[in-house]
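Asks: my questions are about this predicted structure, shown below with the sequence.
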Amino acid sequence: MNSKLKIYTDVSKLEQSDLKNLNPILSSYLSKFGLNGSFEDKTNAARPFTLTSDAAESDWFVLPMYWSYYLWNDKAKLSEAIELAKLARQHQKQIIVWYKGDLVPIVPFENAIVFLPGMLRSKPKQNQRACPVFVADPAPTFAQNKVLYRDKNDKPSIGFCGYASINTIKTLWSIFKGIQLNVSSRIGKYDYEGVPIVPATLTRARALDLLSRHSRVETRFIIRDKYFGNKTQNNASKTDDASHIFYSNIYDNDYTLCLRGYGNWSYRFYETIACGRIPVFIDTDCVLPLASIIDWKKYCVWIDQSELKYIGEKIVDFHSSLSPADFIDLQIACRQLWEEHLTIEGFMDHFQEYL
């Protein structure tokens, strides 16, 4: 059995309000978080790493907060991140940076290992690692009175609930902003490597249209004209209803269309797998996590974006290749994959394989 990794970080300046932005490495390890830096009897012994107060003996440094926290919420604390990276470099260590936003960030540390969900396969970087987006288990809240695993029918049902409305003015504005931000990125005036020029909404709308016109699949689409984000106190009941509708659409269908948004990754992909349902995954130059040990094409209908026009046929062929028992087994396997590898606990169990 491999010995545990020793990680070092500086938590002395953290405040209680910061904890929701804690790096997943730390949030998975610290079962209770003491702001005074005392972690005795407050750590998760099951994790393959341990926290050390000795920077010199550590294997890795860890930036305590999501990188997005430093960019979005409090750039004044960016200097703290820079100082920690400098200290890591002085000790000839690498620092692990975790990012959970849409785009590929520019992290100005030459000794950084960056975990992010939206890597580009055509632009690989040695210091980048693909990570999942951790979603809350939908089963306790949204699987009540739902069929846990669906029996196979002759005609596959495809679900989708989300933003896919086409608005010409909004689309043109998005293209203009994309060009503008890419120029800013190239001249070093933007915090990210670049943004998509053509909105992914257009590809999503095309896929939905192709499926709607295909005679051998059943479609159950709920098209939104805007994004329903996390609930706030002012619209909690409205968003709760939207969440139930969203997850019911996944649970009540065999397959769910999963295609990138602004970033090159799909939150819906992980939500679908967590529900024990089969994603229809549109590959847009994606890198999925743990690709060295997970054969992702076994768990979803995998469609290259260049073959989008064949989406209906590919789903039908995939569905036809499964026996009734295979179909149920695949749903079970998707849920098991999520539990064992794509939850924060499961992912951290395989953390050393990344490093």
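Replies: Arrived safely. Numbering: from 1, shown residues only.
Asks: what comes up buried for the longest helix belonging to the chain?
Replies: Using DSSP state H, we find that the single longest helix of the chain is helix 168-186. Within helix 168-186, the residues that count as buried by 16 or more other CB atoms under 10 Å are 174, 178, 181, 182, 185. From N, CA and C alone the C-beta is placed, and that goes for glycine too.
Asks: need the residues that contact it.
Replies: 106, 190, 192, 193, 194, 195, 196, 197, 198, 199, 201, 202 (CB atoms under 8 Å, 6 or more residues apart in numbering).
Asks: mind listing what's buried along whichever helix or strand comes after it?
Replies: Scanning the chain past helix 168-186 towards its C-terminal end, the next helix or strand to appear is helix 200-212 (assignment: DSSP states H and E). Of all the residues in helix 200-212, those buried under the rule 16+ other CB under 10 Å are 200, 201, 203, 204, 205, 206, 207, 208, 210, 211.
Asks: need these in CSV (columns: distance to residue 355).
Replies: Listed next are the buried residues of helix 200-212 as CSV, based on distance: CB to CB, whole Å:
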residue, distance to residue 355
200, 31
201, 36
203, 34
204, 35
205, 40
206, 39
207, 36
208, 40
210, 41
211, 40
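Asks: poorly predicted segments of the stretch 51-200 of the chain, please.
Replies: Along the stretch 51-200 of the chain, segments meeting pLDDT under 70 span 74-75.
Asks: dump the contacts of helix 168-186 into a markdown table; add distance to residue 347 as well.
Replies: Formatted as a markdown table, these follow (distance: CB to CB, whole Å):
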| residue | distance to residue 347 |
| --- | --- |
| 106 | 25 |
| 190 | 30 |
| 192 | 24 |
| 193 | 24 |
| 194 | 27 |
| 195 | 27 |
| 196 | 27 |
| 197 | 32 |
| 198 | 32 |
| 199 | 30 |
| 201 | 29 |
| 202 | 32 |
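Asks: for this protein, just list every one of the helices.
Replies: Taking DSSP H as the criterion, the chain carries its helices at 24-29, 67-68, 78-90, 139-142, 168-186, 200-212, 236-251, 267-274, 311-320, 324-337, 344-349, 351-354.
Asks: if we can go back for a sec, separate out the buried members of the contacts of helix 168-186.
Replies: With burial judged by 16+ other CB under 10 Å, the buried subset of the contacts of helix 168-186 is 190, 192, 194, 195, 196, 199, 201.
Asks: burial count for residue 220?
Replies: Counted by other CB atoms under 10 Å, the residues lying close to residue 220 total 14.
Asks: quick one, what contacts it?
Replies: For residue 220, the set of contacting residues under the criterion of CB under 8 Å, 6+ apart consists of 157, 158, 159, 160, 249, 252, 253.
Asks: at 6 Å instead, please
Replies: Remark: with contacts taken as CB atoms under 6 Å, 6 or more residues apart in numbering, residue 220 is in contact with 159, 253.
Asks: where does it land on pLDDT?
Replies: Residue 220 carries a pLDDT score of 97 in this model.
Asks: just the C-alphas of the longest helix of the chain, formatted as PDB.
Replies: Taking C-alpha atoms only, helix 168-186 is exported to PDB below (Å, rounded to 0.1, in the frame of the first residue of the first chain):
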ATOM      1  CA  THR A 168     -30.200  36.300 -32.900                       C
ATOM      2  CA  ILE A 169     -29.300  39.500 -31.000                       C
ATOM      3  CA  LYS A 170     -28.000  37.500 -28.000                       C
ATOM      4  CA  THR A 171     -26.000  35.200 -30.300                       C
ATOM      5  CA  LEU A 172     -24.400  38.100 -32.200                       C
ATOM      6  CA  TRP A 173     -23.500  39.800 -28.900                       C
ATOM      7  CA  SER A 174     -22.000  36.600 -27.600                       C
ATOM      8  CA  ILE A 175     -19.800  36.300 -30.800                       C
ATOM      9  CA  PHE A 176     -18.700  39.900 -30.500                       C
ATOM     10  CA  LYS A 177     -17.800  39.500 -26.800                       C
ATOM     11  CA  GLY A 178     -16.000  36.200 -27.600                       C
ATOM     12  CA  ILE A 179     -13.800  38.000 -30.200                       C
ATOM     13  CA  GLN A 180     -13.100  40.900 -27.800                       C
ATOM     14  CA  LEU A 181     -12.100  38.600 -24.900                       C
ATOM     15  CA  ASN A 182      -9.900  36.500 -27.100                       C
ATOM     16  CA  VAL A 183      -8.000  39.600 -28.200                       C
ATOM     17  CA  SER A 184      -7.700  40.600 -24.600                       C
ATOM     18  CA  SER A 185      -6.300  37.200 -23.700                       C
ATOM     19  CA  ARG A 186      -3.700  37.300 -26.500                       C
END
